[in-house]
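# okay, here's the prediction I keep looking at, along with the sequence it came from:
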Amino acid sequence: MNPSEELMLFLELNGYDVKKFKLKKQLEFEKTGNRELYLRKTLKDLLVSHYSFTGEKDPLRQNPLAFQAKNNSVINSIDQFYVTHPDLLDNVTLKDVITSNEFDEVHKESVLYDIMDGWVEEYRESSIVRMENLKEMIQLLPKKSKKYKKPSLFTLFFALLLAYPLMLLYVSPESFQSGFFPFVGVVSTKFRELIMQLSWYSFLGSFTIYLLIAYAITNSFFRRYMKDIRSEKNKHSDRIFEKWDNDMKRLRLEQSGLLEDYVDRVLRKPKMSNLDLKLLSRPERLMSKLKAYVMMVERKYDRMTKYYYTYRLALRLMFLLALLMLLSFIGLGFALMWGWL
């Protein structure tokens, strides 16, 4: 175990709630192919199951409805899987059952439907539990947190307000020529002359504008980033899970229909026992997309919490530097106009 797993296990054994860490680890460990992790209720059981899993269990003895056929070029049909039933011997594949002459047609049909129903029910229960775990994982964090606050909207607009007259000074200096404020027009003309005459002073003003605009954009981006994460954690995730839950029910129903048609077909034509697993794996592919979505949200949230104080410090320093540059631009301008420099 790595140090973080040891620490969280120690906390769990001492009564602390480590559910979020357990669910994240479950999602990470499922990549190894261990399909029993969703049954583990505690972090201790999850770690034991993961680190004792060798991956040597014959995939042909698993539920074919949860099998990822895209990663395997040898296993591609449902009739290759081993099946269990009270009326069957051990080590019997589905194809053996279909081509067997030991049962009459009625008995064979009953056995086949029992096998299919067992697969369908097992997959239904596992997919429901896995989706509940994923939904719980994405909603464990609070919708609002006093610890992680969005950057100030006031400073965003204040930065834009400061940048606007500076930009006018460069691109449209005649905008300051107003009869109501003749002093403003005179001063703006002097500033414009300094900008045209002194390249370093022009650069100072341009750089100040750049900093103010950059701060406003960064502030807006970080606000949007935090808002998106919070919406993914509550309202948006509710809609996604509701839609995908309905999609999963529909796909499982289609899956059951394919299996019923398959039984009807092989009873009439036993030699046509092949059924491409890709046709049956649509619910599992949807489950994979749901896992990827949850992992994406968790990565975004972890990145935000990890670098939150760095982002906020950078924003504050950027805003402070922009203000200092603006004050320097104005102060140096008046000093040059009054002959102090």
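Thanks, I have the structure now. It should be emphasised that the depicted structure is a prediction, and the values quoted were computed from it without experimental measurement. Numbering: from 1, shown residues only.

# and the residue nearest to Thr155 when sequence neighbours are not counted, how many neighbours?
Take Thr155 and drop its neighbours on the chain: the residue closest to it by Cβ to Cβ, 6 or more residues apart in numbering is Phe319, 5.9 Å away. Every residue, glycine included, has its C-beta placed from N, CA and C. Neighbour count of Phe319, defined by other Cβ atoms under 10 Å: 22.

# now Tyr307
For Tyr307, the count of nearby residues is 11 (other Cβ under 10 Å).

# from the contact counts, what lies against the host helix or strand of it?
With elements taken from DSSP states H and E, the one containing Tyr307 is helix 282-337. Applying 3 or more Cβ pairs under 8 Å, 6 or more residues apart in numbering; DSSP states H and E, one finds that helix 282-337 contacts helix 19-29, helix 105-139, helix 153-171, helix 182-197, helix 199-233, helix 235-268.

# which one of the ones you listed lies nearest to Thr310?
Among these, the nearest to Thr310 by Cβ to Cβ is helix 199-233 (11.1 Å).

# show me how far that closest one is from its chain's centre.
For helix 199-233, the separation from the chain centroid amounts to 25 Å (computed by Cα atoms, centre = their mean, to the nearest Å).

# now that helix and helix 182-197, what's the angle there?
Orientation note: helix 199-233 sits at an angle of 100 degrees relative to helix 182-197 (axes from the mean of the first three to the mean of the last three Cα atoms, to 10 degrees).

# list the buried residues for helix 199-233?
Within helix 199-233, the residues scored as buried using 16 or more other Cβ atoms under 10 Å are 201, 204-205, 208-209, 211-213, 215-216, 218-219, 222, 226, 229-230, 232-233.

# now the angle from that helix to helix 282-337?
Calculated by the same axes, to 10 degrees, helix 199-233 forms an angle of 150 degrees with helix 282-337.

# so which elements touch helix 199-233?
Checking 3+ Cβ pairs under 8 Å, 6+ apart, helix 199-233 ends up next to helix 105-139, helix 153-171, helix 182-197, helix 282-337.

# SS state for Gly15?
Gly15 carries the three-state label coil when classified by DSSP: H, G, I helix; E, B strand; the rest coil.

# for it, report the pLDDT, please.
Listed pLDDT for Gly15 reads 88.

# same thing with Leu141?
Leu141 carries a pLDDT value of 58.

# equivalent analysis for Leu37, please.
What the model reports as pLDDT for Leu37 is 85.

# just checking, it touches His50?
Yes. Leu37 is within contact range of His50, at 6.9 Å (criterion: Cβ atoms under 8 Å).

# joint contacts of these two?
Phe29 (Cβ atoms under 8 Å, 6 or more residues apart in numbering).

# per-domain residue ranges of the protein.
According to automatic domain parsing, the chain comprises the domains 1-57, 59-120+235-278, 144-233+281-341.

# the shortest one: end-to-end distance?
In this case it means domain 1-57. Terminal residues of domain 1-57 lie 22 Å apart, using Cα to Cα, to the nearest Å.

# one more: the second one?
Start-to-end span of domain 59-120+235-278 (Cα to Cα) is 16 Å.
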